[in-house]
Structure formats: structure tokens, C-alpha cells
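Asks: Make a model of this:
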Amino acid sequence: MVSEDEVEVTVCIEKAKGLKNHEKDNVATVFGAEAPQGSILEVVDPAGLKCSYAVLETIPYGHKIAIEDVEKGEQITKYGESIGIASEDIRVGQYVHVHNVESVRGRGDWEKREGAVR
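Replies: As a prediction, the model looks like this:
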């Protein structure tokens, strides 16, 4: 218990981290803080393995970083599930978002395409 004369201090240092949610994922989610371009992001997988990635573009908190190279047309996987298709080549360390991913969820037109991933 803290008396009126004492002050309890907690020091928090903002540092971005990444979380790979499933072993099949090719992206990780940035948390803790924004990951600035040129920084190194530590990503932890479900088994506790830590890997470091060079951040090629600033990635906002809660957004995704590529942890594998993904070619245009290939599946983007998060939580072990397809969340979209790369609309351009994506390199390890790049920001993964709507500018380089086309969503396939809830799209009836994708089911009609040959070889479409659902």
C-alpha cells in the first residue's frame, strides 16, 4: 500500500513487437507501438520462437508485416486462414494492408475464378 507521501511509479517503454498467430501465417501483427521504417521488429510465434525482421516501411500499431516473401497472386495467411491475395509482390518486412492485398472474403466473384483460394 502506498502512503500519501509516497508515489508509485511505473515506467513503460514503447517498443513495437510482432505476433505470428499460427504456424502457417506469412504475416505478423505489430503491437506495442508503431514499427518505424529501418527498425528491427522482433516477432514471436505460437511456440515462443523469436525472429527479427528489418522493417522496410513504417507499420502502424495493429497492422501487418510480411514475414515471408509473397508473390503477386499468392495467398496472405493470418490466424492460419486466407485473408486475401497479394495484389503485387510483397517482400519480407513490408507493410501488408489494402494497398497490396485484395480481400477474397465474402466475394462471390472469386468462387467463379479457376483456382481461387477461399
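Asks: Every contact and neighbour count from this point should use C-alpha atoms.
Replies: Will do.
Asks: Tell me where this protein is predicted with low confidence.
Replies: Scanning the chain with the threshold set as pLDDT under 70 gives 1-14, 106-118.
Asks: Apply 50 and report the result again.
Replies: Scanning the chain for pLDDT under 50 picks out the ranges 118.
Asks: Which stretches in it count as strands?
Replies: Remark: strands assigned in the chain by DSSP state E are 17-19, 27-31, 40-44, 50-54, 64-66, 75-78, 81-86, 95-96, 101-102.
Asks: Specify the beta-bridge partners of Ala54.
Replies: Counting by DSSP bridges, Ala54 is bridged to Ile40.
Asks: hang on, the earlier thing: save the strands of the chain as CSV, and put in mean neighbour count too.
Replies: CSV is the format used below for those (neighbours: other CA atoms under 10 Å):
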stretch, mean neighbour count
strand 17-19, 22
strand 27-31, 24
strand 40-44, 19
strand 50-54, 16
strand 64-66, 27
strand 75-78, 22
strand 81-86, 19
strand 95-96, 24
strand 101-102, 19
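Asks: so how far is stretch 48-62 off the chain centroid?
Replies: 7 Å (CA atoms, centre = their mean, to the nearest Å).
Asks: what residues does it touch?
Replies: The contact list for stretch 48-62 (CA atoms under 8 Å, 6 or more residues apart in numbering) reads 16, 29-44, 65, 67, 92-95.
Asks: at 10 Å instead, please
Replies: Residues outside stretch 48-62 that contact it (CA atoms under 10 Å, 6 or more residues apart in numbering) are 16-20, 28-45, 65-67, 91-97.
Asks: Surely Tyr95 is in contact with Ala66?
Replies: Yes. Tyr95 is within contact range of Ala66, at 6.6 Å (criterion: CA atoms under 10 Å).
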